[in-house]
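Trainee: build the 3D model from these lines:
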Amino acid sequence: MNWILLIIAGLFEVGFATCLGKAKESTGNTSLLWYGGFLLCLSISMILLVKATKELPIGTAYAVWTGIGAVGSVLVGIIVFKEPATFWRMFFITTLILSIVGLKIVTK
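Mentor: You can find the predicted model right below:
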C-alpha cells in the first residue's frame, strides 16, 4: 500500500510541475487557478510522501518520488509544452525509469 501512495504522490508532483508550466503560459484569473492547482497538488503530494515514508526507507522513497516527478515532468513537457524529444533526453529518461524500478526491486 505504501508503494501505491508513493506512486500517487509522484503523480501529484507531476501535477504541480504541470500547473507551474500552465500558469507561466496564462494570465489573469486563469493564472491564479493554475497556481491554486499547484498548491493543491503540492499539498497532496507532500502528505502522501509523508505517509509513505512511515514504512518505506526515506532515501528510497524520496528517490522514487523525485524520479516519478522528473520522468513525468519531462514527458508532460514533451507532450503538452512541445519540448524536444531528443535521443539523449529519451535515453536518460529510460535510465531513470530503470533506476526507479531497480530501487523498488531491491527495497524490502
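Trainee: element containing residue 63, please.
Mentor: Counting by DSSP states H and E, the element that carries residue 63 is helix 58-79.
Trainee: residues in contact with the most far-flung residue of the chain relative to its centre?
Mentor: Most distant from the centre of the chain: residue 28, at 26.3 Å, with distances by Cα atoms, centre = their mean. Listed by Cβ atoms under 8 Å, 6 or more residues apart in numbering, the contact set of residue 28 is empty. (Glycine included, C-beta is placed from N, CA and C.)
Trainee: may I ask which helix or strand encompasses residue 49?
Mentor: helix 28-52.
Trainee: mind listing what's buried along that helix?
Mentor: Judged by neighbour count (16 or more other Cβ atoms under 10 Å), helix 28-52 contains these buried residues: 34, 37, 38, 41, 42, 44, 45, 48, 49, 51, 52.
Trainee: now do the SS call for residue 54.
Mentor: What DSSP: H, G, I helix; E, B strand; the rest coil gives for residue 54 is coil.
Trainee: sorry, back to before: tell me which helix or strand comes right after the helix holding residue 63.
Mentor: Next helix or strand after helix 58-79 toward the C-terminus (DSSP H and E): helix 87-106.
Trainee: tell me which strands and helices that next one is in contact with?
Mentor: Where contact means 3 or more Cβ pairs under 8 Å, 6 or more residues apart in numbering; DSSP states H and E, helix 87-106 is packed against helix 58-79.
Trainee: kindly export the helix it packs on (C-alpha atoms) in PDB.
Mentor: The C-alpha coordinates for helix 58-79 follow below in PDB (Å, rounded to 0.1, in the frame of the first residue of the first chain):
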ATOM      1  CA  ILE A  58      13.300   7.700   3.300                       C
ATOM      2  CA  GLY A  59      16.200   7.500   0.900                       C
ATOM      3  CA  THR A  60      14.400   5.100  -1.400                       C
ATOM      4  CA  ALA A  61      11.000   6.800  -1.100                       C
ATOM      5  CA  TYR A  62      12.500  10.200  -1.800                       C
ATOM      6  CA  ALA A  63      14.500   8.900  -4.800                       C
ATOM      7  CA  VAL A  64      11.400   7.200  -6.300                       C
ATOM      8  CA  TRP A  65       9.200  10.200  -5.600                       C
ATOM      9  CA  THR A  66      11.500  12.600  -7.300                       C
ATOM     10  CA  GLY A  67      12.200  10.100 -10.100                       C
ATOM     11  CA  ILE A  68       8.500   9.800 -10.900                       C
ATOM     12  CA  GLY A  69       8.200  13.600 -10.800                       C
ATOM     13  CA  ALA A  70      11.200  14.000 -13.100                       C
ATOM     14  CA  VAL A  71      10.100  11.400 -15.700                       C
ATOM     15  CA  GLY A  72       6.500  12.600 -15.600                       C
ATOM     16  CA  SER A  73       7.500  16.300 -15.900                       C
ATOM     17  CA  VAL A  74       9.800  15.600 -18.900                       C
ATOM     18  CA  LEU A  75       7.000  13.600 -20.600                       C
ATOM     19  CA  VAL A  76       4.500  16.300 -19.900                       C
ATOM     20  CA  GLY A  77       7.000  18.900 -21.300                       C
ATOM     21  CA  ILE A  78       7.300  16.800 -24.500                       C
ATOM     22  CA  ILE A  79       3.600  16.100 -24.900                       C
END
